[in-house]
Each structure stands twice: as structure tokens, then as C-alpha cells.
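Got a sequence here, can you build the structure:
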Amino acid sequence: ARTRIDGSLLQLGLRLDVQPPYAASAALQLGQLLDSPQISGTLELQATELAAINAAWPALRLDARVRATGTPDRLQLEANASSEIEPAGTLQAVFSGVLQPDLLLIESLTLKADKDQMELHASGRLGLDTSQPVMELQADWRQLAWPPGGETLANSAEGELNLTGTLDAWELAASALLDMPDVTTGRVRFAGRGDQQSFDIASLMVEALEGRLDGSGRLAWEDGFNAALDLTGTGLNPAGLLPDWPGQLDLQLQAGLQVEDDGWRLGLETARANGTLRDLPLRLEGRGSYRPGQLVLQDIRLTSGPSRFAVNGEIGEHLALDWSLDSPDLSTLLPTSSGSLVGAGSVQGKPAEVRLIATLTGSRLRYGGDRIDALSLDASLDMSGDTESHLDLRHSGGSVSGVVIKRLELQGRGHPQGHRLELLAETAPGKLALQIDGNWQEPAWHYRMMTASLTQSGDESPWHLVAPVDGQISPALATLPEACWQNACLLY
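Numbers count the residues shown, from 1 in each chain. Here you go, the predicted model:
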């Protein structure tokens, strides 16, 4: 850098030039120093590369000019700056204000981003005569988008906020139009009080989905981060999010979020919905929580028309889940389905040694273009091997993926390390019967096809497997070895 000072106590000049990467220059003129000092100065940054100064700073180039004129008791400040920020494009800032010993008056502050056409205006005052600055700030904006310049997750066409108080006692109120692409649009208003450790949301209102959400909450960041939210919704129409699910719902939600050094947890103390969905009465209630690796569901109960579904338990390093379903008409749960389905079951144990119990009975089942006229399932699978497993699946009449299935039966019994499966399938192309002995050895299922017969439709002479063959199925490999089949004393 280079500094030059010249003049006298009546008129003193100072010039400072700093070489890149700072690329800064400053000029200061001081007049009438012995009587009534006058100040006139400028500071300029020309293509200053912030990342070249400190690698931890953002990689952007900054051009700026600041001018100050007046006396020590009152300095008029004018500033403008511009920067290229990827992916936001060019960001421009223009500031005008007055600095006094006990006050910073922000006459106007304007921020503009050309790529998103974002524009923000702010004004206010900052009191400096106490141990803590006293704030009175107002701001409004147009076309505020997040993230800037990239694929927009949230956009606010317009909004405003007011901030008053000190760091130990401040008040914040805001109102904004909010647009979340592919999610919803609406207006958000909130107001509350805060300090250096927390922010209490006294009132929160969201107008969206043809209805309204009202609530309150609290944010705290002194020890980790904690958030609590209490919401009540009225007249909400889910069709704004899911076009095939129109309705009118009232909601009650109490939720909390804790973020600490060892992880985070989201909890739902109360979750309740009542109203109509697809012209059917609906009721949903329950509680739960989630942290990475564990989902807890507490007494989740759903009623949609005549259909009822319930689930309770947890999914994580240990599984303990119970469920039940009673739906005389599946279309009351899924728009593209029909038929009746009744069942119950449980999942218990560690994922590698899980025990699954399930019973299902269904009739006249339809989903999309697939149909099953009758279905029954009775299964008890114990992957730990402590108890014997059994499986009985029966399906009669139907069509799946365009294949007509007249009958399908699958029975099994045994333990993971030694079990037998028997399959009988009658379809439009033909009839298949198999008997397989299996042996599960993590991560592969090893099998031996003991007997097999295949009869093509219209042919009364079946093909039979001549001798047992071995194979295996795993996430990385599936084998079906060559086999010898016999039909009418011919080998193929």
C-alpha cells in the first residue's frame, strides 16, 4: 500500500492506495480543523476478489464506492456497490444515510438482482447512544427468490417487514406472498418478540389451499436449535397439492424440532385432521417422531368413509410395528382401486432377524388395469429361526400385467436354513408346478428345484424336470442353471 498526507491544520489531505487483491483506494479531505472541522472522503473498491483475500470467503468480485461529507456531528453517507455472484448474477446495492454520534439514519437502502428481478427497499434508524443499538427498520421487497439464481424452491412476489427494539428485546412483524412451485401459494403473516437467545411467535397466519392456518410458536438457539409450533387449520383443500384428492379439512398440529451436536429429532405431539376427502368423511389422528435411523408411530388411525387403517410402533434398528386394515371398499382409500380387503399383522425384531406375521383376505380387487377376484394370505415368517415359519398364499381369478391368472397357490414351511416351497400356477399360457427346497445364507437365498412340471395351454402332455437343479438369488446375482426336461420320453 502507499499513503500520502499533505496540507496544514487548516486543510489536510490524505490518500491511501492498497494493491490487489484488496484493490482499494481512499481519499480524505479535512478542513478547518482548528475551528469547525469539515470532512469529505471517498473509498473505492475496484474488482476486489474476496476469495483471494481469504479462501473461506465467497468467490465474488466486488466494485464499490462510498462517499462521506459533513462534520463529525453529522456525516452524509452515499454508497453504491455491485458484484457478480453465481448463480444469482449481478447484485447491486445503493445506500443513502446520515451518521451522527448517537444515530445512524438509513434514508434508503436498495438491493437489486438482475437475474431474478429481485428488488428490496429498506429504511430506518439505528440508535447508538446506549450500550445496545436501538433498531427501527422497515423493508419491503418484490420477486424475492430462494435460492437466488438457481432452481427456485420458494418465491415471494411481494412482502414487507418491521423490526424494532434492541438485541435483548426486539419485535418483528412480516407479511408476504409466498409461492412454492409444485407445492402451494398463499400469504403468510407473523409477529413476535425475541432476544439474543430466542424468538417467540405470538401470531402466525397462512392463507393457502383455499383455507387458513393460524398458530404460534417459538425458536430458540442458545443451546443447539429448538423449534415448537402449534397450528390450527380450517377449510384446507388438498387438491392444490394432490389434484386427485379434493376435499375440505380442518387440522390441528403440535410439532417440535430439536437440533443438537449429536443429531436432530422431529416430533409430532398432536396430529389431527377432520373433514371430507373425495366426498368421503375423513378422520386422521396420531402422534409420532423421527430422527435419522428411527421412525416412531403412535396410535395412527385413519378413517375414510367405511375404511379403517391403524398402525402403531417403531421402525429403526429394532422393528416393533402392528397394523390393521378393514376396507369394504378400497376406492375410499385409493382412487384407482376397488374391492374389499381385510387384514392385520405385525413386524418384530432386528431387521436381519425380523419376524413378520400377516393375514389378508380380499375379493374383487382392482388396481389400475390389474384385478384379483379372490386373495388370501396367512404368513408367519421368522428370519431368526427361533420358530418355524409358514406361508399360505392363494389367488384365484384375475389378470396382472396383462397375464390372465386362473389360480395361484404358494405354500411354504420350515426355517431360514431349511425350508420347502410349493407353487402351483394356472395361467392362460399354461400350468406350472414347482417344489423347491431353500436355504437362506445372508445375503443369498440358495435353492434346489426338486420337482417341476410345465404344461402349455392346449397340450395335455406336460414337461417334467428330470433331475434336481441348484441355484441362488442375491442382490448382486441370480442364477437359473440349465436343466433337463422330459416330455413323452424325449429329452430337451
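
C-alpha only now, for contacts and for neighbours.
OK.

quick one: Thr361 from Val342, how far?
5 Å (CA to CA, to the nearest Å).

hmm, I was thinking of Leu434
29 Å.

Check Gly412 too.
From Gly412 over to Val342 (counting by CA to CA), the distance is 22 Å.

Among Thr361 and Val342, which residue is more densely surrounded?
In this view Thr361 and Val342 are compared by other CA atoms under 10 Å, and Val342 has more residues nearby, 19 against 16.

Give the bridge partners for that one, please.
For Val342, the beta-bridge partners are Asp326, Thr361 (DSSP bridges).

wait, doesn't it sit right on Ser327?
Yes: contact criterion CA atoms under 8 Å: Val342 and Ser327 qualify, at 6.0 Å.

what about the helices in this structure?
Along the chain, counting by DSSP state H, helices occupy 50-53.

Low-confidence regions, it specifically.
Flagging of the chain using pLDDT under 70 yields the residue ranges 86-88, 149-150, 488-492.

Which residue comes closest to Ser83 once chain neighbours are left out?
Leu62 (4.7 Å; CA to CA, 6 or more residues apart in numbering).

residues in contact with that neighbour?
45-50, 81-84 (CA atoms under 8 Å, 6 or more residues apart in numbering).

contacting residues around the residue nearest to Pro468 when sequence neighbours are not counted?
In this structure, Pro468 finds its nearest non-sequential neighbour in Met450, 4.6 Å apart by CA to CA, 6+ apart. By CA under 8 Å, 6+ apart, Met450 lies in contact with 434-437, 467-469.

how many other residues sit next to Leu105?
Count around Leu105 with other CA under 10 Å applied: 20.

tell me the contacts of it?
Counted by CA under 8 Å, 6+ apart, Leu105 has contacts 97-99, 124-126.

and what of Gln117?
Gln143.

Return the distance of it relative to Glu171.
Taking CA to CA, one finds Gln117 at 29 Å from Glu171.

for Thr130, same thing?
Distance from Thr130 to Glu171, by CA to CA: 18 Å.

Tell me which of these two has more neighbours.
Glu171 (20 against 9).

Quickly list what the closest residue to the more buried one other than its chain neighbours is bridged to.
Spatial nearest neighbour of Glu171, excluding adjacent residues (CA to CA, 6+ apart): Arg193 at 4.4 Å. For Arg193, the beta-bridge partners under DSSP bridges are Glu171, Asp200.

Same question for Gly97.
Beta-bridge partners, per DSSP bridges, of Gly97: Leu77, Ile106.

pretty sure Arg187 contacts Gly211?
No: applying CA under 8 Å as the test, Arg187 and Gly211 come out as separate, 10.9 Å apart.

re earlier: could you dump the contacts of Met450 to a markdown table with distance to Leu163 and neighbour count?
Formatted as a markdown table, these follow (distance: CA to CA, whole Å; neighbours: other CA atoms under 10 Å):
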| residue | distance to Leu163 | neighbour count |
| --- | --- | --- |
| Leu434 | 75 | 17 |
| Gln435 | 76 | 19 |
| Ile436 | 73 | 19 |
| Asp437 | 73 | 20 |
| Ala467 | 84 | 13 |
| Pro468 | 80 | 14 |
| Val469 | 78 | 17 |
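
which residues does Leu381 contact?
354-357, 388-391.

separation between it and Gly240?
42 Å.

do Ala310 as well
Applying CA to CA to Ala310 and Gly240 gives a distance of 26 Å.

now the strands for the stretch 151-300 of the chain?
154-166, 169-180, 184-194, 198-208, 211-220, 225-236, 247-260, 263-277, 280-291, 294-304 (DSSP state E, counting those that start in this stretch).

mind putting those in a markdown table, distance to Lys350 included?
Shown next, in a markdown table, are the strands of the stretch 151-300 of the chain (distance: least, CA to CA, whole Å):
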| stretch | distance to Lys350 |
| --- | --- |
| strand 154-166 | 40 |
| strand 169-180 | 40 |
| strand 184-194 | 40 |
| strand 198-208 | 40 |
| strand 211-220 | 36 |
| strand 225-236 | 31 |
| strand 247-260 | 27 |
| strand 263-277 | 22 |
| strand 280-291 | 18 |
| strand 294-304 | 13 |
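
So which of those strands is nearest Glu422?
The minimum distance between Glu422 and those falls on strand 294-304, with 36.2 Å, by CA to CA.

which of the residues in the closest one are buried?
295-304 (16 or more other CA atoms under 10 Å).

Repeat that for stretch 275-285.
275-278, 281-285.

Of all pairs in those, which one is the farthest apart?
Farthest apart among those - using CA to CA - are Arg278 and Glu285, which lie 18.4 Å from each other.

Please tell me how far Gly369 sits from Pro292.
37 Å.

count of neighbours near Ala220?
18.

repeat for Asn312
Asn312: 19 neighbours (other CA under 10 Å).

who's in contact with it?
297-300, 321-323.

got CSV for those, with distance to Ile5 too?
Output for the contacts of Asn312, formatted as CSV (distance: CA to CA, whole Å):
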residue, distance to Ile5
Leu297, 74
Gln298, 75
Asp299, 78
Ile300, 77
Leu321, 80
Asp322, 83
Trp323, 83
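
closest to Pro443 among those?
Once CA to CA is applied, the member of those that ends up nearest Pro443 is Leu321, at 23.9 Å.

bridging residues for that closest one?
What pairs with Leu321, by the bridge criterion (DSSP bridges), is Gly313, Val347.

Was I right to think it contacts Ser346?
Yes: in terms of CA under 8 Å, Leu321 counts as a neighbour of Ser346; the distance is 5.4 Å.
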